[in-house]
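In: Provided below for reference: sequence and predicted model.
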Amino acid sequence: MEAVFLSSDQCLKEFPENQGGDFCNILNHGFSVASQRGQYMKVSLAELFYIPNSWSNIRPGENFIDVKITNYPIAIHTLQTIYANKYSVEEKGTIQYPKPSSQTHTATRFRPANPLEPTKVSTESFMRIERIVSMQTEGCVDRAECEYMVLVFDSARKEGFTYYFDVDPTHYGLGKENDYNRQKIKVYMQSPIYGDKEVLGRIFITPKHYYNFDDFALEFNQQFRFGIARILQNAHPRKEEFHGGYNNLVILTEINGKAAVCIDYEYFKYVSIAIHFAPTLAYILGFSDYMAIDAGWFSTFNSGSHTHNKQQFYTRRAMSPFDFNKNTLRQIYVFCDIIQPCQVGSEQRQLMRILPIDAATNLIPANLFISMATHRVIKDRINIIRIWITEHLNSPPLK
């Protein structure tokens with residue numbers, strides 16, 4: 001009986017992509033394993049050394065979050081009455097403010113706005129809507145000294161003989177009459193209609209090792225920002241200006257040492273959302289105390305309110321403190337390219353051994369190697385041996 005020692009740290013010059021879950025070694029001396037009188041060479045895994053928690057704690061296959069949204073707002077145009085100081089129909093080639101509710105200068109003192117609003121030369125006819133809006137200097141307590149008037153411009157696009165405004169008028173204060181804005185205008189305005197169609201999407205967290213909660217929360221919030229936008233836009237395409245964009249509708253933050261999923265107070269007054277974590281994510285974040293049991297869908301966010309960057313949220317707080325040092329790898333599959341494939345379910349795989357990992361110690365029980373499983377070698381000449389290790393039978397090698 002002879003022993004061959006293989007390591008992921010060896011032969012990096014020849015195989016620079018070697019890593020702990022997938023590596024090749026060139027043997028010092030190649031050898032022939034040709035059969036003699038019907039006898040074949042067999043090999044077995046005698047020992048496996050590794051550094052606990054050296055693999056990523058968020059791995060492919062366990063890095064997803066399912067999102068289900070119902071009763072979300074749909075953008076339609078309805079004929080509405082708005083109020084302005086005055087309006088005019090402008091022809092093609094006129095200077096236009098493309099941004100909704102562009103502030104240009106005060107109506108009384110003509111103080112320039114900061115920053116100046118962008119303009120463009122219109123390529124089609126449009127309706128220019130002018131309003132006078134009362135503003136107050138931030139942090140000022142004397143209203144008489146701090147209040148000033150701002151001239152605000154909006155543009156309604158023209159289609160045939162009809163004018164359309166592509167934002168919610170109430171969001172920009174266009175739906176109310178006051179002392180300065182008494183001119184009634186009938187325009188087709190975009191307004192929210194809440195539908196009952198359910199949309200389902202899956203958001204992925206980048207698989208890697210997260211060392212602390214802040215790193216993970218940063219990734220979570222970034223992926224949700226794009227993921228929620230993708231889900232809603234695919235369900236019903238509309239302009240972002242309809243409700244101010246998709247930023248920070250759902251965020252992950254820390255409250256009293258526990259993870260909390262927060263949903264925007266204003267947007268989710270009427271919209272329903274449910275979230276389902278992959279079991280590994282739920283276990284690390286503290287939403288589940290058992291990795292083997294699926295925590296299911298979270299559809300109620302009644303753990304109290306929370307203010308983040310002046311934005312109000314409903315919250316769903318974890319039952320246990322988060323822990324990014326938890327062992328989430330419970331077994332490994334060890335493969336080798338020189339052995340005869342064996343039957344695993346409906347497939348033939350070069351599986352050498354399945355090894356459990358103790359949840360408390362993160363180690364493979366030593367007594368498992370007392371009895372060794374042997375495998376027939378299928379190559380006549382061996383110079384290079386490849387070993388790869390996976391979490392599941394068909395998952396990619398660990399990293």
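Out: Great, that's in hand.

In: just for the stretch 1-150 of the chain, where's the confidence low?
Out: 1, 34-38, 75, 103-116, 139, 141-145 (pLDDT under 70).

In: swap in 90 and give it another go.
Out: For the stretch 1-150 of the chain, residues meeting the criterion pLDDT under 90 lie at 1-3, 28-42, 46-57, 60-61, 69-150.

In: would you map the helices across it?
Out: 143-146 (DSSP state H, counting those that start in this stretch).

In: find the residue at the geometric middle of this structure.
Out: Gln223 (2.2 Å; Cα atoms, centre = their mean).

In: which SS state does that residue fall under?
Out: Following DSSP: H, G, I helix; E, B strand; the rest coil, Gln223 is assigned to helix.

In: please tell me I have it right and it contacts Phe204.
Out: Yes - using Cβ atoms under 8 Å, Gln223 is in contact with Phe204, at 6.7 Å. Backbone N, C-alpha and C define where each C-beta goes, glycine included.

In: ok so, going back, OK, contacts around the residue nearest to the centre of the chain?
Out: Applying Cβ atoms under 8 Å, 6 or more residues apart in numbering, we find Gln223 in contact with Ile203, Phe204, Ile205, Thr206.

In: could you do Thr307 as well?
Out: Thr307 makes contact with Phe313, according to Cβ under 8 Å, 6+ apart.

In: how close does it sit to Gln39?
Out: Using Cβ to Cβ, to the nearest Å, we find Thr307 at a distance of 75 Å from Gln39.

In: again, but for Pro98
Out: Applying Cβ to Cβ to Pro98 and Gln39 gives a distance of 82 Å.

In: between the two ends of stretch 134-148, what distance do you get?
Out: One end of stretch 134-148 to the other measures 6 Å (Cα to Cα, to the nearest Å).

In: and if you look at stretch 50-59?
Out: 18 Å.

In: name the residues that touch stretch 355-365?
Out: Leu48, Pro52, Asn53, Asn327, Leu329, Arg330, Gln331, Ile332, Val334, Leu368.

In: tell me the domain ranges of this structure?
Out: Split into domains by automatic domain parsing, the chain comes to 22-55+330-390, 64-72+196-317, 75-192.

In: deepest of those domains, which one?
Out: Burial of the domains of the chain is given as mean neighbour count (mean count of other Cβ atoms under 10 Å); domain 64-72+196-317 ranks first at a mean of 17.

In: element containing Asp215, please.
Out: Using DSSP states H and E, Asp215 maps to helix 213-235.

In: export that helix to CSV, keeping only CA atoms.
Out: Listed next in CSV are the C-alpha coordinates belonging to helix 213-235 (Å, rounded to 0.1, in the frame of the first residue of the first chain):
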residue,chain,number,x,y,z
PHE,A,213,-23.4,42.2,8.2
ASP,A,214,-22.6,45.6,6.6
ASP,A,215,-21.0,43.9,3.6
PHE,A,216,-23.9,41.6,3.1
ALA,A,217,-26.5,44.4,3.6
LEU,A,218,-24.8,46.6,1.0
GLU,A,219,-25.0,43.7,-1.6
PHE,A,220,-28.6,42.9,-0.6
ASN,A,221,-29.8,46.5,-1.0
GLN,A,222,-28.0,46.9,-4.4
GLN,A,223,-29.4,43.6,-5.8
PHE,A,224,-32.9,44.5,-4.5
ARG,A,225,-32.8,47.9,-6.1
PHE,A,226,-32.2,46.4,-9.5
GLY,A,227,-34.3,43.3,-8.9
ILE,A,228,-37.5,45.0,-7.8
ALA,A,229,-37.2,47.4,-10.8
ARG,A,230,-36.8,44.4,-13.1
ILE,A,231,-39.8,42.5,-11.6
LEU,A,232,-42.1,45.5,-11.8
GLN,A,233,-41.0,46.7,-15.2
ASN,A,234,-41.4,43.3,-16.7
ALA,A,235,-44.9,43.0,-15.1
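
In: next SSE downstream of that helix?
Out: strand 250-255.

In: now do the helix or strand following that next one against strand 250-255: the angle between them, please.
Out: As assigned by DSSP H and E, the chain's next helix or strand after strand 250-255 is strand 258-264. Here strand 258-264 points in a direction 140 degrees away from that of strand 250-255 (axes from the mean of the first three to the mean of the last three Cα atoms, to 10 degrees).

In: which residues does Val89 contact?
Out: Val89 sits in contact with Ser125, Phe126, Met127, Arg128, Lys158, where contact means Cβ under 8 Å, 6+ apart.

In: what kind of secondary structure is the closest residue to the second one other than its chain neighbours in?
Out: I take that to be Phe126. With Cβ to Cβ, 6 or more residues apart in numbering as the criterion, Phe126 has its nearest non-adjacent residue at 4.9 Å, and that residue is Ser155. Per three-state DSSP, the local secondary structure of Ser155 is strand.
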